[in-house]
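1. this one's sequence-less:
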């Protein structure tokens, strides 16, 4: 059951990112997720930097 709740939370977060930041937000979120899952710091770092830049731009 906790796995289902986590999946719903992740999908909700992804939809929020897409709604607020558009396609670039989704690309950044996917890069961060894939990089973390694959333990690749380069890809996760790129995703994190893109998300931070998007958040700083809107704030």
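-> Thanks, I have it. This is a predicted model, so every value here is computed, not measured. Residues are numbered from 1 along each chain as shown.
2. Flag the shaky bits of this protein, pLDDT-wise.
-> Counting by pLDDT under 70, the chain contains low-confidence ranges at 1, 58-59.
3. show me where it has helices.
-> Listed in chain order, the helices of the chain (DSSP state H) span 2-38, 41-58.
4. mind listing what's buried in the first one?
-> Meaning helix 2-38. Residues 17, 21, 25, 27, 28, 29, 31, 32, 35 are the ones in helix 2-38 that count as buried (16 or more other C-beta atoms under 10 Å). Quick note: C-beta positions are derived from backbone N, CA and C, even for glycine.
5. which residue sits closest to the fourth one, ignoring its sequence neighbours?
-> Residue nearest to residue 27 in three dimensions, not counting chain neighbours: residue 50, with 7.1 Å by C-beta to C-beta, 6 or more residues apart in numbering.
6. Near that neighbour, how many other residues are there?
-> 18 (other C-beta atoms under 10 Å).
7. Likewise for the one 5 residues further on?
-> Per other C-beta under 10 Å, the neighbour tally for residue 55 reads 13.
8. gap between it and residue 11?
-> 20 Å (C-beta to C-beta, to the nearest Å).
9. Please apply the same query to residue 39.
-> For residue 39, the distance to residue 11 - C-beta to C-beta - is 23 Å.
10. give me every residue that touches residue 10.
-> For residue 10, the contact set (C-beta atoms under 8 Å, 6 or more residues apart in numbering) is empty.
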